[in-house]
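1. Give me the fold of what follows.
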Amino acid sequence: MSGTYKATGINLKAMPIGENDRLVTILTREHGLIRAIAPGARKSKSSMGGRSALFIVNDLLIFKGRSIDKITQAETILTYGKLSGDLGKLAASQYLAEIVLAQALKEHPQEDLYQLLLLHLGRLNGLDQGDNTASIAHLCQGIFHLLALGGIAPQVYSCCITRHAIEPNFTTLNWQIGFSIESGSTVELDVATQDPSMMVNYRLTALDLLLFQHLSDPSLDKLDLDIDKFPLETISDVEIARVWRRIERILRQYIHYHLNLQIRSAALIDL
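-> Numbering: from 1, shown residues only. From the prediction side, this is the model:
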């Protein structure tokens, strides 16, 4: 890139710089991750102020500087206005942004990553206000899809040792399956005990595994249909919420191990 260039991108991070400017980290379709100054963005009447806010999608004209680029023109084409008014949605969005910032490349087209992030931000934006369980569920699926795009999604459909297919068993009392963070896979518990090198970090119940497996689906809509196949009528909404939170914590530890990334916004999720 040289001179002035165009890009379409979403703001993922912003920080003050100088007296009136803002330094924005942007995921663009054409050039991957870029950092550029939004001049005058912190002035009260600046049009650049709103256009440099988080999760705003702009068509940009950017001047390529020696050390840092500068936004010379920004036209907003998409916003997610319902995220900022709901702590659960906002925390989930920031959580996804942290993962994207760890995955994105500089000066390299990022069309797939860009479109995937916008897809999941749109889903979060469309949820009912205050529905924290739905926010956590969609966050978990967003995490899973981002990990899948990066080629490191957990494998939860078979045992990593025997390669046997695993399905949630709701008919056996206290049925469980193991999950190994290091191996990134489910593992049959009786097999794991025979392998001293296998570390089982979690024991998943049938409901844990059912929800976990559905994260690979294009959306969570299919879950509402499949859940009728199982004797779940005695499971409360509180239990469903508990399981989604458990899955998020598993994914958080998984991200820390495989991406060496501590999710700062997870503190808001814990609230």
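
2. For Glu75, which three-state class applies?
-> strand (DSSP: H, G, I helix; E, B strand; the rest coil).

3. give me the element the residue nearest to it when sequence neighbours are not counted is part of.
-> Excluding its sequence neighbours, the residue lying closest to Glu75 (CB to CB, 6 or more residues apart in numbering) is Asp59, at 4.6 Å. In this view, the C-beta of every residue, glycine as well, is placed from N, C-alpha and C. Element membership for Asp59, per DSSP states H and E: strand 57-63.

4. sorry, back to before: number of nearby residues for the residue nearest to Glu75?
-> Other residues near Asp59 come to 14 when the count uses other CB atoms under 10 Å.

5. For the stretch 101-250 of the chain, which segments are assigned as strands?
-> Here the stretch 101-250 of the chain has its strands, by DSSP state E, counting those that start in this stretch, at 155-159, 176-180, 185-187, 202-205.

6. quick revisit: residues contacting the residue nearest to Glu75?
-> Listed by CB atoms under 8 Å, 6 or more residues apart in numbering, the contact set of Asp59 reads 6-8, 74-75, 77.

7. Of all the helix elements in this structure, which one is longest?
-> helix 237-259 (DSSP state H).

8. what comes up buried for that helix?
-> 240, 243-248, 250-252, 254-255, 258-259 (16 or more other CB atoms under 10 Å).

9. same question, stretch 201-217
-> 202, 204-215.

10. Quick check: His31 touching Leu105?
-> No - His31 lies out of contact with Leu105 (CB atoms under 8 Å); the separation is 9.6 Å.

11. So which of those two has more stuff around it?
-> His31 (23 against 11).

12. one step back: export the buried residues of stretch 201-217 as CSV, with columns for pLDDT and distance to Leu117.
-> Shown next, in CSV, are the buried residues of stretch 201-217 (pLDDT from 0 to 100; distance: CB to CB, whole Å):
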residue, pLDDT, distance to Leu117
Tyr202, 97, 27
Leu204, 98, 28
Thr205, 96, 31
Ala206, 94, 32
Leu207, 94, 29
Asp208, 96, 26
Leu209, 97, 27
Leu210, 94, 26
Leu211, 95, 22
Phe212, 97, 22
Gln213, 96, 23
His214, 95, 20
Leu215, 97, 16
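
13. can you pull the contacts of Pro39?
-> Counting by CB under 8 Å, 6+ apart, Pro39 has contacts 20-21, 48, 70-71.

14. Kindly recompute the last result at 7 Å.
-> Pro39 sits next to 21, 48, 70 when contact means CB atoms under 7 Å, 6 or more residues apart in numbering.

15. Next one: the second one from Asp21, what distance?
-> Spatial separation of Met48 from Asp21 under the definition CB to CB, to the nearest Å is 9 Å.

16. Can you pull the residues that touch both of the two?
-> 38-41.
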